[in-house]
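Asks: how would this look folded up:
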Amino acid sequence: MSDYMYMLESHLSPDQNRVVAEIQAIAGQARVNLFLTGGAMRDMLAGFHIRDLDFVVEGHALKLAKAVCEAAGARLTSVEENRKCAELAFPGNVTAQIAMSRLEKYGRAGGKPQVSPATIQEDLRGRDFTCNAIALSLNKASRGLLLDPMNGLADIERRELRAVSPYGFYDDPSRLLRMIRLQVRLGFAIEERTRMQVANAREAGVENSIAPRTLGEELRRTAAEDSPAEILKAIDEAGLLTLFSPALTGPKFNLPGMVKLEKICRMAPGEERWRVARLGPFLHSLTEKLASKERQAFAKAVDLSAAEVELWQKLEVRSKKLETALGSARIRKASQVYHLVAASEPDVVLFLLCHSGLKPVQERLRNHFQKYLPAVQAITLEEWAMVQGQPGTARYAKAREAFLSSRLDQRPKKPAPPEAGAEPEPAGPPAPEGAAERPER
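Replies: Prediction:
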């Protein structure tokens, strides 16, 4: 096993490792060359958690994606015919992209590219930033071989973002927004020549060519980040926030609301289901100070779907039921709170944490994430095995719920009193001066 394969397996969750092995096996049966690329490789080499798996195929990517769905129990969430690219969701909250190795040629700034099949080396040389232009071979003959034609590994070690091509921002102006998002997430500096390329592209006004659909996609990605408020602040400082809406400026840019939401999202689980659910609360906080007509214009400017608009604009109404239930005096046990929240939509839970003015609701939601959920996650496999019934049956579900309720509602055991005549334990060395004022870490 190569060092890079060992590094990859060490950075992936068990479910992600399973998906990599399944796709690798299916690609081998189809006799197509498969590579792990893009954000997955960047995050691995930079020491970050890998969120999504990005695969590139020298061959029929959509055909391989269909075969993966049939063999691995995945489902297609989106397909882009022009770029021959498919997004897949797997059991275990694993998401992946399978794309054709390709070349893209642009007739005008922000226009639809002409796409043609290419080798993996050509694909990597046509990417946005060097840190995204690295691939790892998953093929039998070269498994674990690192492909880095643009020296992206050196840029990752220098913690720099460097554009692959001097024309990259002209071809795809949305890279201006992507660069800011990656800069905040990774904490990288912008390479000096890339700064000059950005200045030239901005002078030419290429940002005005970004399509509404692309603006919407960038917002979705920002909403799923760990620091969306910081990203939006950086976009605003770059003079690009008004691309989403001319009204998002000055006091109408709800930065305090975004900071509050960001802190709340960090309290919630980081799994894909919860990250996707951030979009509604994110849009609500972002547009909270806009007038009704301005919100309508915003939705059109970023090409939101009708379903996304409904989820966002009806959040307050949808949250009332859970707010009433959590605020009820009938709620007396930890298990009642846990089961209520666990059965609720994540976006509703995040919205209430951000906007509910009822003290019991706030306290119970925070207890859920800070006490009850960690207690459930601490249950061992051996303890779960003691639950009676066959998994998947109604009897098992009922027994599991009773087991959880018993665990959450049990009172902590009091420490046993010292035996008569026993020596008291030493108090330890005296605390240094000022120690009482120092918060726990």
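
Asks: where are the low-confidence patches of the protein?
Replies: 1-2, 412-441 (pLDDT under 70).

Asks: what does the domain assignment say about it?
Replies: The record's domain parsing of the chain by automatic domain parsing lists 1-161, 211-313, 317-407.

Asks: which one of those lies nearest to V184?
Replies: The closest of those to V184 is domain 211-313. By Cβ to Cβ, the value is 4.8 Å. Every residue, glycine included, has its C-beta placed from N, CA and C.

Asks: nearest to A201 among the domains of the chain would be which one?
Replies: Closest of these to A201 is domain 1-161, at 8.5 Å (criterion: Cβ to Cβ).

Asks: report the distance from that closest one to the chain centre.
Replies: 17 Å (Cα atoms, centre = their mean, to the nearest Å).

Asks: just to revisit the earlier point, out of the domains of the chain, the one nearest M179 is which?
Replies: Smallest distance to M179 across the domains of the chain (Cβ to Cβ): 6.1 Å, for domain 1-161.

Asks: so who does the spatially most central residue of the chain touch?
Replies: The centre of the chain sits closest to A224, judged by Cα atoms, centre = their mean, with a distance of 4.5 Å. Listed by Cβ atoms under 8 Å, 6 or more residues apart in numbering, the contact set of A224 reads R275, V276, R278, L279.

Asks: ok, A118 to S142 distance?
Replies: Distance, A118 to S142, by Cβ to Cβ, to the nearest Å: 18 Å.

Asks: nearest to E191, out of the domains of the chain?
Replies: Here domain 1-161 is closest among the domains of the chain (Cβ to Cβ), at 4.8 Å.

Asks: what about the helices in the stretch 51-200 of the chain?
Replies: Along the stretch 51-200 of the chain, counting by DSSP state H, counting those that start in this stretch, helices occupy 61-72, 120-125, 152-158, 168-171, 175-186, 192-203.

Asks: can you add mean neighbour count and distance to L326 and give those back as TSV?
Replies: Listed next are the helices of the stretch 51-200 of the chain as TSV, based on neighbours: other Cβ atoms under 10 Å; distance: least, Cβ to Cβ, whole Å:
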stretch	mean neighbour count	distance to L326
helix 61-72	18	38
helix 120-125	18	50
helix 152-158	17	45
helix 168-171	22	48
helix 175-186	21	33
helix 192-203	15	47
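
Asks: could these go into a markdown table alongside distance to H284?
Replies: Below are the helices of the stretch 51-200 of the chain laid out as a markdown table (distance: least, Cβ to Cβ, whole Å):
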| stretch | distance to H284 |
| --- | --- |
| helix 61-72 | 34 |
| helix 120-125 | 38 |
| helix 152-158 | 36 |
| helix 168-171 | 31 |
| helix 175-186 | 20 |
| helix 192-203 | 30 |
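
Asks: of all the ones you listed, which one is nearest L283?
Replies: Evaluated over the helices of the stretch 51-200 of the chain, closeness to L283 peaks at helix 175-186, with 16.5 Å, by Cβ to Cβ.

Asks: which residues does R181 contact?
Replies: By Cβ under 8 Å, 6+ apart, R181 lies in contact with E218, R221, T222, E225, I231.

Asks: burial of the second one, as a residue count?
Replies: The reference is to R221. Neighbour count for R221, taken as other Cβ atoms under 10 Å: 15.

Asks: need the contact list for it.
Replies: Contacts of R221 by Cβ under 8 Å, 6+ apart are R181.

Asks: what strand or helix carries it?
Replies: Using DSSP states H and E, R221 maps to helix 212-223.
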